[in-house]
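Enquirer: sequence and predicted structure are below.
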Amino acid sequence: MSTADSDPTTTRSYGLTPAEVKNLGQQATAAKALSYSPYSKFRVGCALLCDDGEIVLGANIENASYPVGVCAEKAALSRACLEGQRKFLAIAVSTDITPPASPCGMCRQFIREFCDLNLPIYMWDKDGNYVVKTLEELLPMSFGPEHLKKPDSSV
Ligand SMILES: O=c1ccn([C@H]2C[C@H](O)[C@@H](CO)O2)c(=O)[nH]1
């Protein structure tokens, strides 16, 4: 007999149902098609689950002046922020490699601005499998907005 805890169709991962995790991963994987990465040829797709249920996509955007390029996570969070989104329930990142890539250090800090430390970050590989870690696991002892005087979030 299956219970709510053992049934893989109902067991939640960090508050998300298996269907929500899968959907977010599929959207991050699809977002790789938006990647502009002529230099590295390394496509990264990102899907953010906002607290109102909206999913915002991003991809890496490179530049002839290499350091000017933007990572997928930063692109997605910037896009979401400009849409007025400020709170996120989960992030999925997808690349074309196995084992999956994890967000770079700058992206971890960028995520830290808007997300709780227990935010799950799902890292999808080319075979459709994922590893999940919390933001705190990827960025321990981090520095965040609460360490500064309370910012005026309307600015
Ligand atoms: O967390 C990361 C790490 C790298 N990249 C992009 C930047 C560059 O376009 C390519 C190779 O580094 O991958 C991301 O989008 N996110």
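Expert: Cool, got the structure. Numbering: from 1, shown residues only.

Enquirer: hey, let's count contacts and neighbours off CA atoms from now on
Expert: Fine.

Enquirer: grab the nearest non-local neighbour of Phe88.
Expert: Excluding its sequence neighbours, the residue lying closest to Phe88 (C-alpha to C-alpha, 6 or more residues apart in numbering) is Cys50, at 4.3 Å.

Enquirer: quick one: mean pLDDT for the longest helix along the chain?
Expert: If you go by DSSP state H, the chain has its longest helix at helix 18-31. For helix 18-31, the mean pLDDT works out to 98.

Enquirer: show me what the helix or strand that that helix is followed by is packed against.
Expert: Downstream of helix 18-31, the next assigned helix or strand under DSSP states H and E is strand 44-50. Here strand 44-50 touches helix 18-31, strand 55-59, helix 72-82, strand 88-95, going by 3 or more C-alpha pairs under 8 Å, 6 or more residues apart in numbering; DSSP states H and E.

Enquirer: quick one on the thing from earlier: ok, the residue nearest to Phe88 touching Glu83?
Expert: No - counting by C-alpha atoms under 8 Å, Cys50 sits too far from Glu83 to count as a contact (10.9 Å).

Enquirer: tell me the residues of this protein that contact the ligand?
Expert: 37, 40, 42, 44, 60-62, 71-72, 102-104, 107 (C-alpha under 6 Å from any ligand atom).

Enquirer: in CSV: these, plus distance to Asn118.
Expert: Below are the residues of the chain next to the ligand laid out as CSV (distance: C-alpha to C-alpha, whole Å):
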residue, distance to Asn118
Ser37, 31
Ser40, 31
Phe42, 28
Val44, 23
Asn60, 25
Ile61, 28
Glu62, 30
Cys71, 22
Ala72, 21
Ser102, 16
Pro103, 16
Cys104, 18
Cys107, 16
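
Enquirer: quick one: buried ones out of those?
Expert: 37, 44, 60-62, 71-72, 102-103, 107 (16 or more other C-alpha atoms under 10 Å).

Enquirer: coming back round to it: quick check: angle from the longest helix of the chain to strand 55-59?
Expert: 30 degrees (axes from the mean of the first three to the mean of the last three C-alpha atoms, to 10 degrees).

Enquirer: what helices or strands is helix 18-31 leaning on?
Expert: Using 3+ C-alpha pairs under 8 Å, 6+ apart, helix 18-31 sits against strand 44-50, strand 55-59, strand 88-95, strand 120-124.

Enquirer: one more time with 7 Å, if that's ok
Expert: When contacts are defined as 3 or more C-alpha pairs under 7 Å, 6 or more residues apart in numbering; DSSP states H and E, helix 18-31 packs onto strand 44-50, strand 55-59, strand 88-95.
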